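Q: For reference, the sequence and a predicted model appear below.
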Amino acid sequence: MPSTGADTVVVIGRIGRPYGIKGWVHLQSYTEPSSNLIEYRPWLIKTSSRHEWEQRDCLDVRAYRQSFVGLFAGIEDRTKAANLSGAHLGVSPEAFPEPKADEYYWHQLIGLPVINENKVALGIVDDVMSTGANDVLVVKSVAGERLLPFVANTVVSVQLGDSILVRWPEDWG
């Protein structure tokens, strides 16, 4: 099965514990809405024992309670399914539809420098998280970590591949 480098993969979910005895596994979606997990293909899997992503065909996937269960090619029993437990599910960035204007996928923001209106570099986006009220940029620098709300009052502009301009004083943590 083909494999690919980690820098070209976006993690969209995780494989959980086995479901039943015929090789099915629980699937946890990291997408919004969670049903988008089913739409993005082909799936790539990275287990803790492998250092590269491996494409694995999903033969069937079904909604189950508030998540999903899936059956992968070559996984015929509970023991083999247990070996996938904890593995990351990923896809190539090309699997995503083009975002609307002023919308971004989180993976597009990670690694961008964050600069305030005074042209002071505040750090690099290390992560993006959801708080329920709004998304938050986790910005890391040698001085530490800052949490900046990803809202119109804070984010002035996003230039993909370049930087994020924010309205944020350099002395605010």
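A: That came through, no problem.

Q: Please report how far the spatially closest residue to F96 that is not a sequence neighbour lies from Y30.
A: Distances taken as CB to CB, 6 or more residues apart in numbering put Y105 closest to F96, at 6.0 Å, once the chain neighbours are dropped. All C-beta atoms are positioned from the backbone trio N, CA, C, and that covers glycine. Spatial separation of Y105 from Y30 under the definition CB to CB, to the nearest Å is 12 Å.

Q: Kindly report the same for L122.
A: In this structure, L122 lies at 26 Å from Y30, with CB to CB as the measure.

Q: neighbour count winner among the two?
A: L122 (22 against 16; other CB atoms under 10 Å).

Q: Wasn't L37 part of a helix?
A: Yes - if the criterion is DSSP: H, G, I helix; E, B strand; the rest coil, then L37 is within a helix.

Q: can you count the residues close to it?
A: Other residues lying near L37 total 22 when counted by other CB under 10 Å.

Q: That one: what's its closest spatial neighbour, skipping adjacent residues?
A: S29 (3.8 Å).

Q: for E76, same thing?
A: G23 (4.8 Å).

Q: Dump stretch 51-62 to PDB, restricted to CA.
A: Written as PDB, here are the backbone C-alpha positions of stretch 51-62 (Å, rounded to 0.1, in the frame of the first residue of the first chain):
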ATOM      1  CA  HIS A  51       6.500   6.500  10.900                       C
ATOM      2  CA  GLU A  52       4.800   7.000   7.600                       C
ATOM      3  CA  TRP A  53       1.200   7.400   6.500                       C
ATOM      4  CA  GLU A  54      -0.400   4.400   4.700                       C
ATOM      5  CA  GLN A  55      -3.400   4.500   2.500                       C
ATOM      6  CA  ARG A  56      -5.900   1.900   3.500                       C
ATOM      7  CA  ASP A  57      -9.300   1.400   1.800                       C
ATOM      8  CA  CYS A  58     -12.300   1.800   4.000                       C
ATOM      9  CA  LEU A  59     -14.800  -0.900   2.800                       C
ATOM     10  CA  ASP A  60     -17.700   0.500   4.800                       C
ATOM     11  CA  VAL A  61     -18.500   3.300   7.300                       C
ATOM     12  CA  ARG A  62     -21.700   3.800   9.300                       C
END
